[in-house]
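**Student:** sequence plus the predicted model coming up.
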Amino acid sequence: DQQVKQNSPSLSVQEGRISILNCDYTNSMFDYFLWYKKYPAEGPTFLISISSIKDKNEDGRFTVFLNKSAKHLSLHIVPSQPGDSAVYFCAASYSGYALNFGKGTSLLVTP
Amino acid sequence: GAVVSQHPSWVICKSGTSVKIECRSLDFQATTMFWYRQFPKQSLMLMATSNEGSKATYEQGVEKDKFLINHASLTLSTLTVTSAHPEDSSFYICSARDPLLGETQYFGPGTRLLVL
């Protein structure tokens, strides 16, 4: 049962533009959300997180938005750079338990 | 900070042999470590959660006698795949969490296992 869903398997964005990656979840108990970036044959790299008590968290070019009523979060990358090309996983947890991952969105940033 | 290492990074073994994978937190104390598995083009699937000094908690469908997990210290957890078979070939990734650092899990680089 997939509790975290990333419905777009891939996204292509031009360099310099905004990349928006979306994620939906079904479990209202989730209270902590994270975004990871992953290259093939490597472990995920933590990017940014947000607690359920917030609706926005920003770190440099990365901003995560959380809409609890819609059970939706998104990751904005602006401006997008070719080095951002990777698979992005959305993850959620509650009370510090293990992460529930989405299936990932492959982002391609073209020059 | 918050670096997690895994060893080996890849391993090829014959069917029926056992393989041990180590996961270490290098600069923090990992009270909880998690083991994930990722098949090609799929998401990371949690296999088990281990807390230092206690038995691991396995997810449904994961055989605890086949995937032995030991978390004997605050910086080391091991996953042993016993009597490995070709269907165990996968990418195994560990993560570690220190409550002092918040709820974020930090991942190791993964171990690619190929069972012939």
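**Tutor:** Yep, it's here.
**Student:** sketch out the helices for chain A, chain order is fine.
**Tutor:** Read by DSSP state H, chain A holds no helices at all.
**Student:** any idea how many residues pack against the residue of it found nearest chain B?
**Tutor:** Going by CB to the nearest CB, chain B is nearest to A:Gly43 of chain A, at 3.8 Å. Bear in mind the C-beta positions are built from the backbone N, C-alpha and C, glycine included. Neighbouring residues of A:Gly43 were enumerated by other CB atoms under 10 Å in any protein chain shown; the total is 25.
**Student:** verify the contact between it and B:Gln105 for me.
**Tutor:** No - if you go by CB atoms under 8 Å, A:Gly43 and B:Gln105 don't touch, sitting 10.4 Å apart.
**Student:** overlap of the contact sets of these two?
**Tutor:** Taking CB atoms under 8 Å, 6 or more residues apart in numbering or on different chains as the contact definition, A:Gly43 and B:Gln105 share the neighbouring residues B:Ser95.
**Student:** which residues touch the residue of chain A closest to chain B?
**Tutor:** Contacts for A:Gly43 (CB under 8 Å, 6+ apart) come out as B:4, B:6, B:93, B:95, B:107-110.
**Student:** so what does B:Asp88 have for phi and psi?
**Tutor:** When read as degrees, to the nearest 10, the backbone of B:Asp88 gives phi -80, psi -10.
**Student:** chain B against chain A: which residues are in contact?
**Tutor:** Residues of chain B found near chain A, taking CB under 8 Å from any CB of the partner chain as the criterion, are B:2, B:4, B:6, B:32, B:34, B:42-46, B:49, B:91, B:93, B:95, B:97, B:99, B:102-110, B:112.
**Student:** rerun at 6 Å
**Tutor:** Counting by CB under 6 Å from any CB of the partner chain, chain B comes close to chain A at B:34, B:43-44, B:46, B:49, B:93, B:103-105, B:107-110.
**Student:** can you tell me which of these are in strands?
**Tutor:** B:34, B:44, B:46, B:49, B:93, B:107 (DSSP state E).
**Student:** show me what contacts B:Ala56?
**Tutor:** When contacts are counted by CB atoms under 6 Å, 6 or more residues apart in numbering or on different chains, B:Ala56 is found next to B:48, B:50, B:69.
**Student:** which among those gets closest to chain A?
**Tutor:** Closest to chain A out of those is B:Ala48 (8.9 Å), distances taken as CB to the nearest CB.
**Student:** so who does the closest residue to B:Glu103 other than its chain neighbours touch?
**Tutor:** Setting aside the residues directly before and after it, B:Glu103 is nearest to A:Tyr32 in space (CB to CB, 6 or more residues apart in numbering or on different chains), at 4.8 Å. For A:Tyr32, the contacting residues are A:51, A:93, B:103, by CB under 6 Å, 6+ apart.
**Student:** repeat for A:Leu34
**Tutor:** Residues touching A:Leu34, when contacts are defined by CB under 6 Å, 6+ apart, comprise A:49, A:91.
**Student:** if we use 8 Å, what do you get?
**Tutor:** Counting by CB under 8 Å, 6+ apart, A:Leu34 touches A:46-50, A:90-93, A:99, B:104-105.
**Student:** for the residue of chain A closest to chain B, which non-adjacent residue is spatially closest?
**Tutor:** Closest residue in space to A:Gly43, ignoring its immediate chain neighbours: B:Phe107 at 3.8 Å, by CB to CB, 6+ apart.
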